[in-house]
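1. next come a sequence and a model predicted from it.
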Amino acid sequence: MPKPSLKDAILDAGLKVMFRTGYHGTSVRDVTAAAGAPQGSFTNHFRSKEAFASEVLDRYFGVTRGLVAEALEDTSLTPRARLRRYLDIITGRLEADGFGRGCLIGDLSLEATGSSEMLRARLAEIFAEWRVPFAACITEAQTRGEIASDFEPEELADFLLASWQGAILRMKVDRNPKALERFKTIAFQTVFKEPT
């Protein structure tokens, strides 16, 4: 009888360990210990730490996609309210973690892109994909007259995601939601304000 695969347990443990110690601070030993798996199990499933981190990132982005859909596909809200809803959902999740853990996509963007072309390229793909539903929601908001049309929807979506990542980084330093709330207030009173 074949042994059960430990791949999912290793990926789950890897996500937790990477959030705690970062990409460079995470060792194969740390991950396998957290998963309760022998070190050989890691090399059976992943050809390198980079490949492993890429799969952890994909798993994390899968959850993120679900949160984006939860907010931006809620047609009971106006498009502008959907954008705000996404930020509120993320704020709630960050609060549940005591404002000490941020976004793995942002964390790896800072930490791994200088040393891993594979991860840099994957993160670029993720940001491009992540932007699409935001740009669509912004387009709808502009068409309805909820948001000014001074900028292209794709530019606003990039601005939203990049600036939000910056607010999350500051939140991690301060260990409180002030940067998140400040971003939401300023963004929705300036860039995403209703046209006059």
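-> Done, it's in. Numbering: from 1, shown residues only.
2. pull the CA atoms of stretch 48-55 into CSV?
-> In CSV, the C-alpha atoms belonging to stretch 48-55 read as follows (Å, rounded to 0.1, in the frame of the first residue of the first chain):
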residue,chain,number,x,y,z
SER,A,48,13.6,23.4,-5.0
LYS,A,49,12.7,25.9,-2.3
GLU,A,50,11.8,28.3,-5.1
ALA,A,51,9.4,25.9,-6.7
PHE,A,52,7.9,25.2,-3.2
ALA,A,53,7.5,28.9,-2.5
SER,A,54,5.8,29.3,-5.9
GLU,A,55,3.2,26.6,-5.0
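3. what does it contact?
-> For stretch 48-55, contacts defined as CB atoms under 8 Å, 6 or more residues apart in numbering pick out 10-11, 14, 18, 23, 26, 28, 31, 42, 45-46, 108, 112, 116, 118-119, 122. C-betas here are computed from N, CA, C, even on glycine.
4. likewise for stretch 75-90?
-> So stretch 75-90 is contacted by 67-68, 70-74, 103, 134, 137-138, 140-141, 144, 146-147, 160, 164, 168, 180, 183-184, 188, 192, 194 (CB under 8 Å, 6+ apart).
5. re the thing from before, show the buried residues in the contacts of stretch 48-55.
-> Buried members of those, scored by 16 or more other CB atoms under 10 Å, are 10-11, 14, 18, 23, 26, 28, 31, 42, 45-46, 108, 112, 116, 119, 122.
6. separation between Gly66 and Glu73?
-> Look at Gly66 and Glu73: by CB to CB, to the nearest Å, they are 10 Å apart.
7. so, low pLDDT: which residues of the protein?
-> For the chain, the stretches with pLDDT under 70 are 1-2.
8. of the contacts of stretch 75-90, which belong to helices?
-> Under the assignment DSSP state H, the contacts of stretch 75-90 contribute 67-68, 70-72, 134, 137-138, 140-141, 160, 164, 168, 180, 183-184, 188 to helices.
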